[in-house]
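Novice: Dropping the sequence and predicted coords here.
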Amino acid sequence: MNLQTLGWNQYFEEAFKEYKEQGYEVGRVILEHKRIYRVLTEKGELLAEVSGKMRFQALERQDYPAIGDWVVLTPRYEENKATIHDILPRKSKFSRKVAGMTTEEQIVATNVDTIFLVNALNADFNIRRIERYVLTAWESGANPVIILSKSDLCEDIEEKIAQVESVAFGVPIHAISAEQNIGMDQLAPYVYEGQTIALLGSSGVGKSTLTNALLGSTKQEVQSVREGDDRGRHTTTHRELIILDKGGILIDTPGMRELQLWEADEGFSQSFSDVEALAENCRFRDCSHMKEPGCAIQEAIDDGILERDRYNSYVKLQKELAFLERKENKRAALLEKAKWKKITSTQKKSKR
């Protein structure tokens, strides 16, 4: 196994230079289970844990390795084990807020080149969910590609594609059926040696079927969707990095029915460039787009240029991000306080 096959490139080579000089080795995280990591190296797969120093310095989840990370190792090949000392800078990072009330980042996958946003062309087709996924994908630093799966079950494919195009400007869209091998050739330009692809989408959209089709074998179990609402059952239960025989790396993820935003500053403007371009034409610079005269947003809605649901989604996501930022600022202050408390405690112990 050479590192280039695993996605190694000049970006990571530069970041690893100082560690290499100190005799460390490097590997890529392919699986995580309760802070135990499976790591692929040039010499094979190792079971790894983070060092005591790294654990002590970690303040939050993002300070620990995630699927796709390149990590700095001290391997023990005779035991098939290793110790992780550090994480190389991430080229891209797809995150979401952890479920529940806690304001904390959950990293779904890192160092991804292309994100396949998989959405099914059945009764569970949801344009607002696609909008949210595209926003987060742009923010990650990877290139989003929308995969409309189960095309064999859809009678109005062109209409559905037009709906997606209206909320995903500049994002490639491919209608496929992995089960029937329809449109799979459209995905070939994204799948080649050294490229990492992450599959993201809700349960039941066909991610496992697509994974098996790209692999050319049955690796992931496939379950049917529920009758009545076409909603899926969870098939993939954990994130895993898979090396494809034909070249390329695949990260399959569990279904996410709810994608709570973590951060989306640049992604927000990119995803809603149509709304923000219209807002530039408002008569007043501080227009709230409610009842002001000369509001370009309201005029566009009245004229049918901008869908009201699209604008309502824009407002909703804007409020969600503002609320998250306020909570994150408070959390950052608490983390800083905890960091200095740790440092002070260590200094006191060293003086004894």
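Specialist: Here it is on my side, so go on. Keep in mind that what you see is a predicted model, and the values were worked out from it rather than measured.

Novice: Any idea which residue is closest to the centre of the chain?
Specialist: By CA atoms, centre = their mean, the chain has its centre lying nearest to Phe94, at 2.9 Å.

Novice: Return the residues in contact with the residue nearest to it when sequence neighbours are not counted.
Specialist: Once flanking residues are discounted, Phe94 sits nearest to Ser140: 4.1 Å by CB to CB, 6 or more residues apart in numbering. Heads up, the C-betas are built off the backbone N, CA and C, glycines and all. Contact partners of Ser140, counting by CB atoms under 8 Å, 6 or more residues apart in numbering, are Ser92, Lys93, Phe94, Ser95, Val112, Ile115, Gly267.

Novice: returning to what we had before: my guess is the residue nearest to the centre of the chain is in a strand, correct?
Specialist: Yes - counting by DSSP: H, G, I helix; E, B strand; the rest coil, Phe94 is part of a strand.

Novice: right, and it touches Trp138 too?
Specialist: No - Phe94 lies out of contact with Trp138 (CB atoms under 8 Å); the separation is 10.5 Å.

Novice: Give the residue spans of this protein that score low on pLDDT.
Specialist: By pLDDT under 70, the weakly predicted segments of the chain are 96-105, 217-238, 254-267, 269, 323-352.

Novice: how about 50 then?
Specialist: 101, 223-227, 229-237, 256-257, 262, 331-336, 340 (pLDDT under 50).

Novice: Kindly tell me how buried the spatially closest residue to Ser149 that is not a sequence neighbour is, as a neighbour count.
Specialist: Once flanking residues are discounted, Ser149 sits nearest to Gly206: 3.8 Å by CB to CB, 6+ apart. By the criterion of other CB atoms under 10 Å, Gly206 has 28 neighbours.

Novice: What are the structural domain limits within this protein?
Specialist: Segmentation of the chain into domains, based on automatic domain parsing, reads 10-87, 93-252, 272-341.

Novice: does Ile197 belong to a helix or a strand, and which?
Specialist: Using DSSP states H and E, Ile197 sits within strand 196-200.

Novice: Check which helices and strands that strand sits against.
Specialist: With contacts defined as 3 or more CB pairs under 8 Å, 6 or more residues apart in numbering; DSSP states H and E, strand 196-200 has these neighbours: strand 105-110, strand 114-120, helix 207-215, strand 249-252.

Novice: Just want the angle from that strand to strand 105-110.
Specialist: 130 degrees (axes from the mean of the first three to the mean of the last three CA atoms, to 10 degrees).

Novice: now strand 196-200 against strand 114-120, angle please.
Specialist: 30 degrees.

Novice: Please write out the alpha-carbon positions of strand 196-200 in PDB.
Specialist: Extracted in PDB, the C-alpha atoms of strand 196-200 (Å, rounded to 0.1, in the frame of the first residue of the first chain):
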ATOM      1  CA  THR A 196     -11.400  10.800  -1.500                       C
ATOM      2  CA  ILE A 197     -15.200  10.700  -1.900                       C
ATOM      3  CA  ALA A 198     -17.600  11.000   1.000                       C
ATOM      4  CA  LEU A 199     -21.200   9.700   0.700                       C
ATOM      5  CA  LEU A 200     -23.700  11.800   2.700                       C
END
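
Novice: what's next to it, contact-wise?
Specialist: 7, 68, 94, 108-109, 111-118, 133, 137, 142, 190-191, 207, 210-211, 241, 248-253, 256.

Novice: just stretch 69-80 next, same as before
Specialist: Contacts for stretch 69-80 (CB under 8 Å, 6+ apart): 8, 12, 15-16, 19, 24-29, 37, 39, 41, 43-48, 65, 81-88, 90, 110-111.

Novice: Glu49 versus Cys295, what's the distance?
Specialist: Distance of Cys295 to Glu49, given as CB to CB, to the nearest Å: 57 Å.

Novice: What residues are bridge-paired with the residue nearest to the centre of the chain?
Specialist: Under DSSP bridges, the beta-bridge partners of Phe94 are Ala109.

Novice: okay, now Asp302: neighbour count?
Specialist: Counted by other CB under 10 Å, the residues lying close to Asp302 total 11.

Novice: contacting residues around it?
Specialist: Taking CB under 8 Å, 6+ apart, we find Asp302 in contact with no residue.
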